[in-house]
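Participant: predicted coordinates and the sequence they were generated for:
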Amino acid sequence: MTAAARLTDVRKTYRVGDLEVPAVRGVSLEIEAGAFMAIAGPSGSGKTTLLNLLGALDTPTGGAVEIAERPTAGLSARELADFRGAHLGFVFQTFNLIPVLTARENVELPLQLQGVGDRAERRERVERVLTDVGLADLMDRRPTELSGGQQQRVAIARALVKRPTLVLADEPTANLDSATAGEIMALMRGMNERLGTSFVFSTHDPLVMEHARRLVRLHDGLVKSDERRDGGSGVR
Amino acid sequence: MSRARSRIPLVRLAARNALRHTRRSALTAVAIAVAVTALVFFQSYIRGVVDDLLDTYARTESGHVRIRREGYAAREHFLPAHLNLRDVTELVSEVARDPEVRDVVPRIRAFVLVDGAASNRPGLVLGVDLAREADYLRPEGMVAAGRLPAPDRAEALVGERFAEKLAVGVGDSLTLLSQTAYRSLGGLRVEVAGIARTGVSYLDASLVVLPLGQAQVLLDLEGGATELVVFAREPEGADSLAAAIGARLGDRMGPLEIRSWREQGPLVRLTDLIGVMIGIVMLLLFGMASLVIVNTMLMTVLERKREYATQAALGMRRGDLVRQVVVEAAVIGLAGALAGAVAGSAVALWLERVGLDFTSASRTLELPFESIVHPDWKLRYAVGMALAGAAVAGIAAVVPAWRVARQPPAEALRG
Amino acid sequence: MSAEARAGRLGFFTLGRLAWRNLRRNRRRTWITAVTVAVAVLLMQFAMALMMGVERQSFDNLINYQTGHAKVFANGYYAAREDLPLDRGIAAAETLQVRLRAVPGVQATAARLTFQAQLSNGSDQLPCVGIGIDVGGSDTDVFRIPQAVTDGAYLEPDRLGMLIGGGLAEVLGVGLGDWLTVLAKTLNGAFEAVDLEVVGVLGTGNPAIDRGTFLVPLALAQTMLAMPGAATEIAVRFRPAAREGATLGRLRAAAAESGLDARGWREIEFDFLALVSAKRTGRTVALVVFLTVALVGVTNTILMAAFERTREIGMLMALGLRGSGVRRLFLAEGALLGLLGGAVGTLVGAVLIAWLAVSGLDIASVYGDLDIGYPVQDRIYTAFDAGALLFGWLLAVALAALASLYPAARASRLDPVEALRHV
């Protein structure tokens, strides 16, 4: 079974002025295909850093990161960008949709970046995934015309449209009310089960942790615990 | 690794982003607009003045090449009639053989003392073949009253202000006294056939136009002239044409001075500087406008840090991010530049029709400067400056664009 | 100022300090804007100084060598002055001068006799203008001809000699010690010829003089032209402290009493002044363009600053700052940008102007002997005028403040609650 991602003794140290701040101090993890995993921990535990490393947004100061069996070490900025475009999807706490593009255009953008197919093919894929996330009627709206929950759905659609190996979500429910948060989590869980895409969350929201099938707790840049549990809400 | 990338919607993104902050984009565009307006008008104006000046100068004085007897130029101030060209017809046909020559006209210039009804005054005689000068000296267009002198009659065309001072009008007589080609005193009595208004102040105050034959009689210069004025098919090639004519004629026609218009005085050389002048003004104005662009794009780019980081996360390459910013600036620049090109053209065209009156200001100038100046608008000035404006804006945005592209995406996404 | 009136606004110095600190928050943007203003101000200062310098040179040249401050003619001479009509001259020039000198504001007068002539070097003849000047008398009280003698010496009253313009000498191919024949028509219509030695060469910088005139002793001219004791004009110099307009008026009155016609130099040189005015207009238009671009930059910067600080403005308003106070704050920032940019532009400009005021700019190599219309031929000097420099700087401050008016007014109209909600 191919791992969606693999971290081998990964370290990341930041330099702040003259000080060196170690954010991640040696983490080894294997994320299997189809995982629905949460990384939890107090602020300062390094979970955002870890997610950035997994997302090839940043490079480790030590250790190795592999995504879809491909190492990210030694790749230039341009190669990393292409790599991300091909294998990774992102969902952010602040949605981060491009405000001047419609929902449809936002979701199409990753396909354009990858040079996928022709216009007709892209259009079809975009409409399909937007329908899957329940926004069939709102495709031509701009983000300013959508609620928080709707924007996050667009973001999820954007992350999934290119069928990535791994989707990284950094506190995806933090800016949503609890009802909407529940909907969003259910949606992502559904996509995970249907498409088999791996999801990794970073969170300190208990609701997210509840939905996760695997929970990794981080403390001070190191893995404290790694639980597997059966998925579904409420079952411990 | 290069593979086909379908187009990211660059222009769409750029245009919509530009409209996000309408006031800011508008002001930025205005900076470019002002620069382009000024430049389009300035080019039209300068070209209008300079081209007019050069054209008048070439037609009435220097031609593109001027042929005279050797030694004439050194004594030019005296208009020495004894340094002349004999057998002009042969000379003319020899010169006309050169394929680069459009036309050759003989002229006679001399100082005269003009005796009119009330007084006598010094004047300038210009003896020309009136028929052949239709495209060059354009005597027909000078006539303000009366008519042109008939070629075989002792008649003259007198400058307007000159006629006033001499207190003569059409039909009156004048006596012309001059030093002949043999350095003796010669005279000629002529009837004023017409009054001339050249538009060039110093000419209107001293000019007497005679048919070539009459001037020849006055100076005792049968079949001759004081100069041959050559007009080239390609004015830019005047220097080489002068050399070619010199080679062709050799020593056969006597010792000659063959000078291109560039060699005849500082005027033509000065107009070469015009390009430099326009270039400097362009540099300054666009330089200032580009600083405004830099400021705007810096702020815009910093504001959207997170957005660009997101795009990078999605797979947008740094080059693409830079391009987005540059195109956005270029779009704003183009909008401003187009507005400026239209405005500048409007002003130039209006003044071209109305003309700028420099009559009083140019009275003291001894330049072939027509008193009413018309800017010369050309479409390529408007198009050229519009494109330049857009380009300047795009280039100005490169530095701010790089600033954002260089940041690792992770930094910007943090919290 | 009552406490109520001051409420909701900041005091002048607080304002200044706050504005300054705010500008420093985004140093790059401040400096970029300041540079655009500086460039425009530099151009403005330089252009004004150059124009002033050339004009001053020109006017000085005209007054010192050609016209004096005013000229008094016989009635009817001025209308026909291009013809230099000897029959409309002033008889008994000396006695008239006594009366004219009595006019308050008049420092000196000198009689001159201007006539048409031909100069011959033996082989060639050239038409030009001759001027008989009161050598040994008052010509040097009105004019400064001795300063312009580049070669040889000034005229002596008893010696038969002439001063010739440098350009004229060149054309005729003569130098010091050479002899020229002066051919002129006398008052009676007869022709007279006199041979004169070139004792000095003139270089006034004024092509009208250098290329077209020669000077002889007045007595010689009067004798030659059969006009004993007469003159064609009386040139007048005013006292340095005298006011031109008033003095000219008095002079006119005094001249009219004697049946004469007085004209000021500005009138005589009307065409030249028209040229100056046209060139001035051209320069002003160009400067307006540059200033506009710079000021658009200022407006843009203040607009962006206000936008950036929307939440902050909301907070300040919540603390009690009124709209007018907000407006003043941004006006102050704009004015400060003008102050900063204007300072840089003026300083650099001052250095450049000071240098050129002393060493001058060589235009001869560019223009050659082309007539550009100014009676200045070889070097032009800028005018270093501290007052003008200061004025330019203050103008920049005022204009920059004006440019900030729109964004400042917009900022002042923000609703504090909405502003605080701004992201």
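Facilitator: Received the coordinates, thanks. Bear in mind the structure is a predicted one, so any value in this text is a computation, not a measurement. Numbering: from 1, shown residues only, chains lettered A, B, ... in the order given.
Participant: which residues of the stretch 1-150 of chain C fall in helices?
Facilitator: C:3-6, C:12-25, C:27-61, C:93-101, C:139-142, C:145-148 (DSSP state H, counting those that start in this stretch).
Participant: mind putting the ones you listed in TSV, mean neighbour count and distance to residue C:243 included?
Facilitator: (C-beta placed from N, C-alpha, C; glycine too.) Below are the helices of the stretch 1-150 of chain C laid out as TSV (neighbours: other Cβ atoms under 10 Å in any protein chain shown; distance: least, Cβ to Cβ, whole Å):
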stretch	mean neighbour count	distance to residue C:243
helix C:3-6	8	45
helix C:12-25	14	40
helix C:27-61	21	16
helix C:93-101	17	18
helix C:139-142	21	18
helix C:145-148	18	26
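Participant: state the distance from the nearest residue to residue C:136 once chain neighbours are set aside to residue C:135.
Facilitator: Leaving aside its sequence neighbours, residue C:136 sits nearest to residue C:157 (Cβ to Cβ, 6 or more residues apart in numbering or on different chains; 3.2 Å). Distance, residue C:157 to residue C:135, using Cβ to Cβ, to the nearest Å: 5 Å.
Participant: please enumerate the shared neighbours of the two.
Facilitator: Residues touching both residue C:157 and residue C:135 by Cβ atoms under 8 Å, 6 or more residues apart in numbering or on different chains: residue C:217.
Participant: buried ones in the helix or strand encompassing residue C:255, by neighbour count?
Facilitator: Remark: residue C:255 resides in helix C:244-257, with elements defined by DSSP states H and E. Along helix C:244-257, these residues count as buried under the neighbour rule (16 or more other Cβ atoms under 10 Å in any protein chain shown): C:247-248, C:250-252, C:254-255.
Participant: so what's the gap between that helix and the chain middle?
Facilitator: With Cα atoms, centre = their mean, to the nearest Å as the basis, helix C:244-257 stands 24 Å off its chain's centre.
Participant: next one: stretch B:305-321
Facilitator: In terms of Cα atoms, centre = their mean, the centre of stretch B:305-321 is found 50 Å from the chain centre.
Participant: likewise stretch A:72-90?
Facilitator: Relative to its chain's centre, stretch A:72-90 lies at 14 Å (Cα atoms, centre = their mean).
Participant: compute the first-to-last residue distance for that stretch.
Facilitator: When the termini of stretch A:72-90 are compared using Cα to Cα, to the nearest Å, they are 17 Å apart.
Participant: ok, then the element right after the helix holding residue C:255?
Facilitator: The helix or strand immediately downstream of helix C:244-257 is strand C:260-264, counting by DSSP H and E.
Participant: and that following strand, what other elements does it pack with?
Facilitator: strand C:70-74, helix C:244-257 (3 or more Cβ pairs under 8 Å, 6 or more residues apart in numbering or on different chains; DSSP states H and E).
Participant: which helix or strand lies directly C-terminal to that strand?
Facilitator: Counting by DSSP H and E, the next helix or strand C-terminal to strand C:260-264 is helix C:265-268.
Participant: so the very next helix or strand once past that next one, near chain B or not?
Facilitator: Per DSSP H and E, the first helix or strand lying C-terminal to helix C:265-268 is helix C:270-308. Yes - on the criterion Cβ under 8 Å from any Cβ of the partner chain, helix C:270-308 is in touch with chain B at C:270-272, C:274-275, C:277-279, C:286, C:289-290, C:292-294, C:296-297, C:299-301, C:303-304, C:307-308.
Participant: and helix C:270-308, what's buried?
Facilitator: Those would be C:271-276, C:278-279, C:283, C:286-287, C:289-308, for helix C:270-308 by 16+ other Cβ under 10 Å.
Participant: stretch B:92-111 now?
Facilitator: Neighbour counts using 16+ other Cβ under 10 Å place B:92, B:95, B:98, B:100-101, B:103-111 of stretch B:92-111 among the buried residues.
Participant: ditto for stretch C:232-243
Facilitator: Neighbour-count burial for stretch C:232-243, with 16+ other Cβ under 10 Å as criterion, is recorded at C:232-238, C:242.
Participant: next, the residues that contact the helix or strand encompassing residue A:151 from outside, please.
Facilitator: Per DSSP H and E: residue A:151 is located in helix A:148-160. By Cβ under 8 Å, 6+ apart, the residues outside helix A:148-160 that reach it are A:89-92, A:95-97, A:103, A:106-107, A:109-110, A:126, A:129-130, A:132-135, A:138, A:143, A:146, A:167, A:169, A:172, A:175-177, A:180, A:183-184, A:187-188, A:191, A:195, A:197, B:314.
Participant: need the pLDDT of the residue of chain A at minimum distance from chain B.
Facilitator: Among all residues of chain A, residue A:85 sits closest to chain B, at 2.2 Å; criterion: Cβ to the nearest Cβ. pLDDT recorded at residue A:85 is 85.
Participant: in chain A, where is pLDDT below threshold?
Facilitator: Along chain A, the model assigns pLDDT under 70 to residues A:1, A:230-236.
Participant: how about a cut-off of 50?
Facilitator: A:231-236 (pLDDT under 50).
Participant: how about the residues of it by chain B?
Facilitator: A:48, A:52, A:55, A:57-58, A:77-79, A:81-82, A:84-86, A:88, A:90, A:92, A:94, A:96, A:98-101, A:105, A:109-119, A:122, A:158, A:170.
Participant: please repeat the previous calculation with a cut-off of 6 Å.
Facilitator: Contact residues (Cβ under 6 Å from any Cβ of the partner chain) of chain A with chain B: A:52, A:57-58, A:77-78, A:81, A:84-85, A:90, A:96, A:100, A:110, A:112-113, A:115.
Participant: can you tell me how far residue B:223 is from chain A?
Facilitator: Residue B:223 is 82 Å from chain A, where distance means Cβ to the nearest Cβ, to the nearest Å.
Participant: check contacts around that residue.
Facilitator: Going by Cβ atoms under 6 Å, 6 or more residues apart in numbering or on different chains, residue B:223 touches residue B:87.
Participant: what does the one 10 residues further on give?
Facilitator: Residue B:233 sits next to B:100, B:102 when contact means Cβ under 6 Å, 6+ apart.
Participant: check the one 5 residues further on too.
Facilitator: Residue B:238 makes contact with B:64-65, B:232, B:260-261 under the criterion Cβ under 6 Å, 6+ apart.
Participant: and residue B:46, by the same measure?
Facilitator: Contact analysis of residue B:46 by Cβ under 6 Å, 6+ apart lists residue B:274.
Participant: same check, this time on residue B:48
Facilitator: Taking Cβ under 6 Å, 6+ apart, we find residue B:48 in contact with B:374-376.
Participant: mind putting those into JSON lines with pLDDT?
Facilitator: Shown next, in JSON lines, are these (pLDDT from 0 to 100):
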{"residue": "B:374", "pLDDT": "83"}
{"residue": "B:375", "pLDDT": "86"}
{"residue": "B:376", "pLDDT": "85"}
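Participant: for those, give me TSV that also has secondary structure.
Facilitator: Shown next, in TSV, are the contacts of residue B:48 (DSSP: H, G, I helix; E, B strand; the rest coil):
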residue	secondary structure
B:374	coil
B:375	coil
B:376	coil
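Participant: for the residues you listed, pick the one with the most neighbours.
Facilitator: Of all the contacts of residue B:48, residue B:375 has the most neighbours under the rule other Cβ atoms under 10 Å in any protein chain shown, reaching 26 neighbours.
Participant: so how far is residue B:199 from that residue?
Facilitator: Distance, residue B:375 to residue B:199, by Cβ to Cβ: 17 Å.
Participant: before we move on, the earlier item: farthest-separated two in the buried residues of stretch B:92-111?
Facilitator: Farthest pair in the buried residues of stretch B:92-111 (Cβ to Cβ) is B:100 and B:111. Separation: 33.3 Å.
Participant: grab the nearest non-local neighbour of the residue in the stretch 201-350 of chain B that chain A sits nearest to.
Facilitator: Relative to chain A, the nearest point of the stretch 201-350 of chain B is residue B:315 (2.2 Å; Cβ to the nearest Cβ). Sequence neighbours aside, residue A:85 is the residue nearest to residue B:315 in space, at 2.2 Å (criterion: Cβ to Cβ, 6+ apart).
Participant: got the CA positions of the host helix or strand of that neighbour in PDB?
Facilitator: Assigned by DSSP H and E, residue A:85 falls within helix A:77-87. Taking C-alpha atoms only, helix A:77-87 is exported to PDB below (Å, rounded to 0.1, in the frame of the first residue of the first chain):
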ATOM      1  CA  ALA A  77      10.600  26.800  -5.800                       C
ATOM      2  CA  ARG A  78       9.200  26.300  -9.200                       C
ATOM      3  CA  GLU A  79       9.200  22.500  -9.000                       C
ATOM      4  CA  LEU A  80       7.600  22.700  -5.600                       C
ATOM      5  CA  ALA A  81       4.900  24.900  -7.000                       C
ATOM      6  CA  ASP A  82       4.200  22.400  -9.700                       C
ATOM      7  CA  PHE A  83       4.400  19.600  -7.200                       C
ATOM      8  CA  ARG A  84       1.800  21.200  -5.000                       C
ATOM      9  CA  GLY A  85      -0.400  21.800  -8.000                       C
ATOM     10  CA  ALA A  86      -0.200  18.100  -8.900                       C
ATOM     11  CA  HIS A  87      -0.600  16.400  -5.600                       C
END
